[in-house]
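S.K.: fold the following for me, if possible:
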Amino acid sequence: MNWKIIFCFTLLSMLETSSSSKIYNVDPSGYVLYCPCMGRFGNQADHFLGSLAFAKALDRTLALPPWVEYRYGEPKSVQVPFTTYFKIEPLESFHKVMPMEDFMEQIAPTVWPPGNRTVFCYMPRGNPDSESCNAKEGNPFGPFWDTFDVDFNRSVFYGPLNYDVIHHNMGDAWRDKYSSEDYPVLAFTGAPASFPVQEENRRLHRYLEWSDDIDQRAEEFIRNALPKGAFIGIHLRNGPDWERACEHIDSTPSLFAAAQCLGYRNEYGRATQEMCLPSRETILQQTRKAIKDYSAKSIFVASDSDHMIDELKKEFKRMNVSVHRMPNPVPQVDLAILGRSNYFIANCISSFSAFAKRERDIKGIPSGFWAFPQKPQNIQNSSSRSDEL
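M.R.: Numbers count the residues shown, from 1 in each chain. As a prediction, the model looks like this:
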């Protein structure tokens, strides 16, 4: 069988099995793959923006990973294709990307075949004596790679290199040490990015556009469930895990996404309990002010636990303001609705709030935070960072 017949057979197989109708050529500059294995959607979105910047600095195609979700009753994480929530075309206007499903179907058999798959990590993971990244140890690591039937044959420890391609010549360092000829695929145990998202990478959010399905569901809710007129969007992060996390706010003033309102060097204040877990009084007071400022007719509430629907309805009944939530909340649709509100009150510490805030900043529409701004005080810098639960 000559090479032309082989090529035609391979092309036909791609068309039959690929998750999209697009056929991708092999990128001689190589690829970046990673498991979005830290936290839930808000954290993963922060990491995605940094990973996109990292791939561009190395001029490698970024394989768009599925979103990792943890669903009630499921013993393992569930991987949701990237395109379920976002469009690819806007990202392609910034850099080379392709769905990970298409990479595995079309590209991996040639450049990253089974039996020749290397995984990268900073240092040995798990047992330090194992000299391995143990890339599939634990949930969601194992389920993520099992989604694509990936097993690793070798581990590479890339320290002391890092992911900061903005302030150092780190892109050149990566290319020099791990050339695309020797390493066509850089597959990482976690995202090649920092959390929270670096300040310089916040702008990349403009290339994240909701899928038609998410857009349509948000628009239908606004059109059918909310009265005509302006509405206020609020995010109430108040579940038990969040309450426990907020107990550490005094010792970790840069907790989670706090930099979005306090600055990356705490130049605008210091995180407080009230910012992390606002009181009923703060919520009602700020919501009332927003209603008056924007002549709002309704309030939309997104929450991980207590939406405070009854309290809010009772409080604003005399103002003829209705209160709404999605009957079966989908986080991404909640975010799309918050992004369309006339005014949004966010939780400064939450990376979920941070997603909506970045989207609104790109659009140039106003947002605020619970219990912020605050009175000036002496600030001590802190570089502490954590994973939002």
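S.K.: and Leu91, what does it touch?
M.R.: Contacts for Leu91 were tallied using CB atoms under 8 Å, 6 or more residues apart in numbering; they are Leu52, Leu64, Val97, Tyr207, Leu208. All C-beta atoms are positioned from the backbone trio N, CA, C, and that covers glycine.
S.K.: and the residues you listed, which is closest to Leu161?
M.R.: Leu52 (18.3 Å; CB to CB).
S.K.: the helix or strand hosting that closest one: how far from the chain's middle?
M.R.: Secondary structure from DSSP states H and E places Leu52 in helix 41-58. Relative to the chain's own centre, helix 41-58 is displaced by 8 Å; criterion: CA atoms, centre = their mean, to the nearest Å.
S.K.: just the C-alpha atoms of the next helix or strand after that helix, please, in PDB.
M.R.: Sequence order places strand 61-64 as the next helix or strand after helix 41-58, per DSSP H and E. Coordinates of each C-alpha in strand 61-64 appear next as PDB, following Å, rounded to 0.1, in the frame of the first residue of the first chain:
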ATOM      1  CA  THR A  61      -1.000  25.000  19.900                       C
ATOM      2  CA  LEU A  62      -3.100  24.800  23.100                       C
ATOM      3  CA  ALA A  63      -5.300  21.700  23.300                       C
ATOM      4  CA  LEU A  64      -8.400  23.100  24.900                       C
END
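S.K.: quick one: distance of strand 61-64 to the chain centre.
M.R.: Centre-to-centre, strand 61-64 and its host chain are 15 Å apart (CA atoms, centre = their mean).
S.K.: cool, stretch 183-195 as well?
M.R.: That offset, for stretch 183-195, works out to 15 Å (CA atoms, centre = their mean).
S.K.: likewise for stretch 198-214?
M.R.: That offset, for stretch 198-214, works out to 9 Å (CA atoms, centre = their mean).
S.K.: list the buried residues of that stretch.
M.R.: Gln198, Asn201, Arg202, Leu204, His205, Tyr207, Leu208, Glu209, Trp210, Ser211, Ile214 (16 or more other CB atoms under 10 Å).
S.K.: ok, so of these, who is nearest Glu274?
M.R.: Taking CB to CB as the measure, Glu274 sits nearest to Arg202 out of those, at 24.8 Å.
S.K.: which ones are touching the closest one?
M.R.: Leu49, Arg358, Asp361.
S.K.: export those residues to TSV and tack on distance to Ser21 and pLDDT?
M.R.: Converted to TSV, the contacts of Arg202 look like this (distance: CB to CB, whole Å; pLDDT from 0 to 100):
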residue	distance to Ser21	pLDDT
Leu49	27	98
Arg358	31	98
Asp361	34	98
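S.K.: thought Tyr268 was touching Pro373, still the case?
M.R.: Yes. Applying CB atoms under 8 Å, one finds Pro373 in contact with Tyr268, separated by 7.1 Å.
S.K.: excluding sequence neighbours, find me the nearest residue to Ser93.
M.R.: Distance criterion CB to CB, 6 or more residues apart in numbering; nearest residue to Ser93, sequence neighbours excluded, is Tyr207 at 6.8 Å.
S.K.: residues touching that neighbour, list them.
M.R.: Tyr207 neighbours (CB under 8 Å, 6+ apart): Leu52, Pro90, Leu91, Ser93, Phe94.
S.K.: what does Phe48 give?
M.R.: Phe48 neighbours (CB under 8 Å, 6+ apart): Pro36, Ala191, Ala193, Leu208.
S.K.: what touches both of Pro373 and Tyr268?
M.R.: Common contacts of Pro373 and Tyr268, defined by CB under 8 Å, 6+ apart, comprise Cys261.
S.K.: which of the contacts of Phe48 lies closest to Tyr264?
M.R.: For those, the nearest to Tyr264 is Ala193 (15.0 Å; CB to CB).
S.K.: could you chop the protein up by domain?
M.R.: Under the assignment automatic domain parsing, the domains of the chain span 18-199, 213-369.
S.K.: that older thread, as TSV, the contacts of Phe48 with pLDDT and secondary structure would be great.
M.R.: Putting the contacts of Phe48 into TSV (pLDDT from 0 to 100; DSSP: H, G, I helix; E, B strand; the rest coil) gives the following:
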residue	pLDDT	secondary structure
Pro36	98	coil
Ala191	98	coil
Ala193	98	coil
Leu208	98	coil
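S.K.: what's the closest of the residues you listed to Lys22?
M.R.: Among these, and counting by CB to CB, the member closest to Lys22 is Leu208, at 19.6 Å.
S.K.: do you know how far the closest residue to Lys228 other than its chain neighbours is from Thr83?
M.R.: Spatial nearest neighbour of Lys228, chain neighbours left out: Lys297 (7.0 Å); criterion: CB to CB, 6+ apart. For Lys297, the distance to Thr83 equals 35 Å [CB to CB, to the nearest Å].
S.K.: again, but for Phe352
M.R.: 21 Å.
S.K.: quick one: which of those two has more around it?
M.R.: Phe352 (27 against 17; other CB atoms under 10 Å).
S.K.: helices and strands around the helix or strand hosting the more buried one, which ones?
M.R.: In this assignment (DSSP H and E), Phe352 forms part of helix 351-363. Packing partners of helix 351-363 (3 or more CB pairs under 8 Å, 6 or more residues apart in numbering; DSSP states H and E): helix 41-58, strand 231-236, helix 259-262, helix 331-338, strand 343-346, strand 367-369.
S.K.: tell me which of these sits nearest to Glu274.
M.R.: The nearest among those, by CB to CB, is strand 367-369 at 10.6 Å.
S.K.: identify the residues contacting that closest one?
M.R.: By CB under 8 Å, 6+ apart, strand 367-369 touches 261, 275, 286, 290, 343-348, 353, 356-357, 360-361.
S.K.: between those, which is nearest Asp149?
M.R.: Closest to Asp149, out of all of these and judged by CB to CB, is Ala356, at 35.6 Å.
S.K.: and for that closest one, the neighbour number?
M.R.: 25.
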